[in-house]
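Asker: Here is my input, please return the structure:
(one chain, ligands or ions: 2)
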Amino acid sequence: MAHSSWLDAFLVEPGATIDLEALDPRDRSRFPDEESARAGIEADAKAIDDLQDRLYAEGRRSLLVVLQGTDTSGKDGTIRHVFGATGPLGVHVHPFGPPSREELAHDFLWRIHRACPARGTIGIFNRSHYEDVLVGRVRGLAPPEVIEQRYAQINDFERLLVESGTVVLKFMLNISKAEQGKRLQGRLDDPAKHWKFNEGDLADRALWDEYREAYRIMLERCSTAHAPWRVIPADRKWARNAAIAAIVRATLEAMDPRYPETTLDASSIVIR
Ligand code: AMP
Ligand code: MG
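Answerer: Ligands and ions are numbered 1, 2, ... in the order given. Below you'll find the predicted structure:
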């Protein structure tokens, strides 16, 4: 099945002005029905595993998948569903929390750069350098002029990655405030989910509008031709997973990784 039609799905045009509230978190117009979307996730996950194998064998390029979104937007679930069929050898997941003392003693991209995927592998960021212009901006963790510089620094950094053979896919998981409210309540109602709940989530929810504004600025300044953002409707988990699986698959298909040519004449070798 050709997946190339997914390549430009949910793209933020470089230079465009964004009205986040006009992007519907419940949009499902790309899917005729839920059942076929769910079947699509499974097929795409298998295809991603096969493409990852080729990427590894080829050993020349890499893929970086950046997942950003507010608490409960589904970053963990996306990783589970989209990469759950991919062999673990060539995939590395990096969650980013508050920086450590050591990390704070360096520039904000230091910890990010060392986590970027080696040639032949896929790297997945659960949160990322974008926290430094999101929570960093909303909570004033650095002076405003330092935050301002970061957008261009991020664009330059991502261009370095791209020019070095890394394809950069950036997904913002767009959930509504009402849906986040339901999911946080779900965590309170289920003892097995209590570990996921922390007070900080409510403090961040109270700053919902400030975060939306920080996201808008991030999308407007850091959706570049070399590393564009995609805003994924994420109120429905199946639609979110199906969209991201299809886009990751289409991206890998477009990269078209090849098994290396060898001079091996298999028919001349006899195993005794
Ligand atoms: P979670 O993803 O739920 O484990 O939460 C991770 C927490 O780390 C979130 O509250 C983020 O805002 C926070 N975090 C991630 N990166 C940074 C950063 N660069 N500066 C400050 N806080 C961060
Ligand atoms: Mg959390």
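
Asker: C-alpha from now on. contacts and neighbour counts both.
Answerer: Fine.

Asker: For the helix or strand bottoming out on mean pLDDT in the chain, which residues meet the burial criterion?
Answerer: Taking mean pLDDT, DSSP states H and E as the measure, the chain has helix 199-206 as its least confident helix or strand, at a mean of 93. Of all the residues in helix 199-206, those buried under the rule 16 or more other CA atoms under 10 Å are 204, 205.

Asker: pLDDT averaged over the next helix or strand after that helix - what is it?
Answerer: Sequence order places helix 208-222 as the next helix or strand after helix 199-206, per DSSP states H and E. Helix 208-222 shows a mean pLDDT of 98.

Asker: now the angle between helix 199-206 and helix 208-222, please.
Answerer: Helix 208-222 and helix 199-206 are oriented at 80 degrees to each other (axes from the mean of the first three to the mean of the last three CA atoms, to 10 degrees).

Asker: got the CA coordinates for the strand or helix carrying residue 146 in PDB?
Answerer: Per DSSP H and E, residue 146 falls inside helix 144-163. Output of helix 144-163 as PDB, limited to C-alpha atoms (Å, rounded to 0.1, in the frame of the first residue of the first chain):
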ATOM      1  CA  PRO A 144      13.300  36.000  28.500                       C
ATOM      2  CA  GLU A 145      16.200  37.000  26.200                       C
ATOM      3  CA  VAL A 146      17.800  33.600  26.700                       C
ATOM      4  CA  ILE A 147      14.500  31.800  25.800                       C
ATOM      5  CA  GLU A 148      14.200  34.100  22.700                       C
ATOM      6  CA  GLN A 149      17.600  32.900  21.400                       C
ATOM      7  CA  ARG A 150      16.600  29.300  21.700                       C
ATOM      8  CA  TYR A 151      14.200  29.100  18.800                       C
ATOM      9  CA  ALA A 152      17.000  29.900  16.300                       C
ATOM     10  CA  GLN A 153      19.400  27.700  18.200                       C
ATOM     11  CA  ILE A 154      17.000  24.800  17.900                       C
ATOM     12  CA  ASN A 155      16.500  25.400  14.200                       C
ATOM     13  CA  ASP A 156      20.300  25.500  13.600                       C
ATOM     14  CA  PHE A 157      20.800  22.400  15.700                       C
ATOM     15  CA  GLU A 158      18.100  20.400  13.800                       C
ATOM     16  CA  ARG A 159      19.700  21.500  10.600                       C
ATOM     17  CA  LEU A 160      23.000  20.100  11.700                       C
ATOM     18  CA  LEU A 161      21.200  16.800  12.400                       C
ATOM     19  CA  VAL A 162      19.500  16.700   9.100                       C
ATOM     20  CA  GLU A 163      22.600  17.600   7.200                       C
END
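
Asker: what comes up buried for that helix?
Answerer: Buried, per 16+ other CA under 10 Å, within helix 144-163: 147, 150, 151, 154, 155, 158, 159, 161, 162.

Asker: cool, stretch 14-24 as well?
Answerer: 14, 18, 24.

Asker: Apart from its chain neighbours, what residue comes closest to the last one?
Answerer: Spatially, and ignoring its direct neighbours in sequence, residue 24 is nearest to residue 233 (6.4 Å; CA to CA, 6 or more residues apart in numbering).

Asker: Show me what that neighbour is bridged to.
Answerer: Beta-bridge pairing for residue 233 (DSSP bridges): residue 174.

Asker: my read: it touches residue 29, true?
Answerer: No: counting by CA atoms under 8 Å, residue 233 stays clear of residue 29, with 10.3 Å between them.

Asker: Could you tell me whether residue 63 really is in a strand?
Answerer: Yes: assessed with DSSP: H, G, I helix; E, B strand; the rest coil, residue 63 lies in a strand.
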